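Q: Compute the structure for the input listed below.
(one chain, ligands or ions: 1)
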Amino acid sequence: MKLIILGPPGSGKGTVAERLEKEFHLKHISAGELLREEVRKDTLIGRDIKPVMEKGGLVSNQLVSAVVKLEVQNKKQYILDGFPRALEQAKGIGELKINKVLYLDVPLNVVVERLAGRRVCKKGLHNYHINYLPPKKAGKCDWDGTPLLRRKDDAPAAIRERFRVYQHETRPVIEYYRKKGLLLTVDATPDPETVYGKVKKTLRLK
Ligand SMILES: [Zn+2]
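A: Residues are numbered from 1 along each chain as shown. Next up, the predicted model:
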């Protein structure tokens, strides 16, 4: 199966994709992860996109498309997470023959609560959440003891901006796949376990 997961930042699509990968051996391809990797490696693309990502903006269609297309080459089973998020991108991947498109629907207030509480250790390796996944010692990484920080794009103002931009850019993508009869919508407001259960049912996976 070639699956696209759509949903605003904080809809939990990364978590859903990871679980589907583990349980059903679909390769999880996260556009955001691919881009952050470019920044970490300080590649030419990475240098271009770093300031955009820090401001909570979106990286250009061309750059994201190029990075993702390289990654999916020759793969038959995967989940695309965070891509396509603009109509232009969706139209540009017709040759991939996507089977299903899952849309995780969630309101802005839920998203802000989820994302503003996220922390990452100074080494950038370990993730926490002040409510859902707190460290054993407040403000310190369980693994390496480095201080926990909030990523710049998880500040509430940046979250609201990302959500607004996402809705604006992705609504046409959702309509595009709805018309093609590929769109499946799941309410992503409940806890992760409930959402995952509904996703499996919706995708007819067992
Ligand atoms: Zn750590």
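Q: Give me the pLDDT value at Gly57.
A: Note for Gly57: predicted pLDDT of 76.
Q: Ok, Gly92 next?
A: Per the predicted model, pLDDT is 85 at Gly92.
Q: nearest residue to it other than its sequence neighbours?
A: Ser65 (5.8 Å; CB to CB, 6 or more residues apart in numbering). C-betas here are computed from N, CA, C, even on glycine.
Q: ok but that neighbour is inside a helix, no?
A: Yes. Judged by DSSP: H, G, I helix; E, B strand; the rest coil, Ser65 forms part of a helix.
Q: For it, the count of nearby residues, please.
A: 18 (other CB atoms under 10 Å).
Q: any idea how far it is from Lys91?
A: 11 Å (CB to CB, to the nearest Å).
Q: With Glu161 instead?
A: From Glu161 over to Lys91 the distance is 25 Å, taken as CB to CB.
Q: Just the CA atoms of stretch 108-122, as CSV, please.
A: C-alpha atoms of stretch 108-122 as CSV (Å, rounded to 0.1, in the frame of the first residue of the first chain):
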residue,chain,number,x,y,z
LEU,A,108,-6.4,24.5,16.5
ASN,A,109,-6.9,24.7,20.3
VAL,A,110,-6.0,20.9,20.7
VAL,A,111,-3.0,21.4,18.5
VAL,A,112,-1.6,24.3,20.6
GLU,A,113,-2.0,22.4,23.8
ARG,A,114,-0.1,19.4,22.3
LEU,A,115,2.8,21.1,20.6
ALA,A,116,3.6,23.9,23.1
GLY,A,117,4.4,21.3,25.7
ARG,A,118,6.9,19.4,23.6
ARG,A,119,10.6,19.5,24.6
VAL,A,120,13.7,18.1,23.1
CYS,A,121,17.0,17.6,24.9
LYS,A,122,20.0,19.8,24.0
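Q: Let me know whether Lys55 touches Ala157 as I believe.
A: No. Lys55 lies out of contact with Ala157 (CB atoms under 8 Å); the separation is 10.1 Å.
Q: quick one, which of those two is more surrounded?
A: Of the pair Lys55 and Ala157, Lys55 is the one with more neighbours under other CB under 10 Å, namely 13 against 10.
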